[in-house]
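# What follows is a predicted protein model with its sequence.
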Amino acid sequence: MSILSATGVVLAGQLEDILLKVNRSIGAIIPQCTIEEQHRHDLEITQHPISAGASITDHAYTIPPEVVARYAWSNSGAIFNFNRFQIISSDPQDIFQQLVDLQASRQPFRLVTGKMSYDNMLLKSIEVVTDAQSENALLVTLIFKQIIIVTEKTAQLAYSTQADPAATSSPVDRGLVQPKPVPRSVLSTISGG
């Protein structure tokens, strides 16, 4: 087999992997092999006991989703990233360093799994086990958690729109205030006390 035909077979194999691969990504990192993905969406339901002994529920709120995923990379070859038109390394050490850097950046990213896409995710945990069988591969368990990003605004109330500005306005620092003497009452003067 000539070098040209061997190269063609390798490129065709990589192209087949790309075309048949389910689109998954961890920010800009593309998993070479997905072993398992666990999605967790929880609803917190509040409970308050009442005098009759039963608990009542008056509120429920969603907890940000978590995803636990097991991915793998090996030195079997590079993959082509169509988003950036570049060859991406599949070297386990490079990928592990990219994951550590992603976690250290603490910047939210987009996680695309086989079931759902999540925005504003952070990499909460990285767990890697290396043994004799996985020395030249990266088998990693990652825990992702979605964060809620809000913007805060401060509203200024006009002093004149308040019903009783002296009682409802914001506290004002008046510095050191000396106490005023309290005048004696008429009853106190009569009783001599």
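Nice, I can see it. Numbering: from 1, shown residues only.
# hey, let's count contacts and neighbours off CA atoms from now on
Fine.
# Could you list the low-pLDDT ranges of the protein?
When the per-residue scores of the chain are filtered using pLDDT under 70, the ranges that remain are 1-22, 76-89, 157-162, 165, 192-193.
# How about whichever strand or helix holds residue 187, which residues are buried there?
Following DSSP states H and E, the helix or strand that holds residue 187 is helix 186-191. Neighbour-count burial for helix 186-191, with 16 or more other C-alpha atoms under 10 Å as criterion, is recorded at no position.
# gap between it and the chain center?
Helix 186-191 has its average C-alpha position 71 Å from the chain's average C-alpha position, going by C-alpha atoms, centre = their mean, to the nearest Å.
# could you dump that helix to PDB, C-alpha only?
Listed in PDB are the C-alpha atoms of helix 186-191, where the atom choice follows Å, rounded to 0.1, in the frame of the first residue of the first chain:
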ATOM      1  CA  VAL A 186     -44.800  70.200  86.200                       C
ATOM      2  CA  LEU A 187     -45.700  67.200  88.300                       C
ATOM      3  CA  SER A 188     -42.100  66.600  89.100                       C
ATOM      4  CA  THR A 189     -41.700  70.200  90.200                       C
ATOM      5  CA  ILE A 190     -44.700  70.000  92.500                       C
ATOM      6  CA  SER A 191     -43.800  66.800  94.200                       C
END
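# which other helices and strands contact the lengthiest strand in the chain?
In terms of residue count, the longest strand belonging to the chain (DSSP state E) is strand 60-74. Identification of packing neighbours for strand 60-74 by 3 or more C-alpha pairs under 8 Å, 6 or more residues apart in numbering; DSSP states H and E yields strand 33-45, helix 92-105, strand 137-146.
# now the longest one and strand 137-146, what's the angle there?
Regarding helix 92-105 and strand 137-146, their directions subtend 20 degrees when assessed with axes from the mean of the first three to the mean of the last three C-alpha atoms, to 10 degrees.
# Mind checking what helix or strand follows helix 92-105 in sequence?
strand 109-112.
# And that following strand, what does it pack against?
Under the contact definition 3+ C-alpha pairs under 8 Å, 6+ apart, strand 109-112 sits against strand 25-26, strand 117-128.
# buried set for the last one?
Yep, that's strand 117-128 we're talking about. In strand 117-128, counting by 16+ other C-alpha under 10 Å, buried: 118, 121, 122, 123, 124.
# For the longest strand of the chain, what is the distance to the chain centroid?
Taking C-alpha atoms, centre = their mean, one finds strand 60-74 lying 10 Å from the centre of the chain it belongs to.
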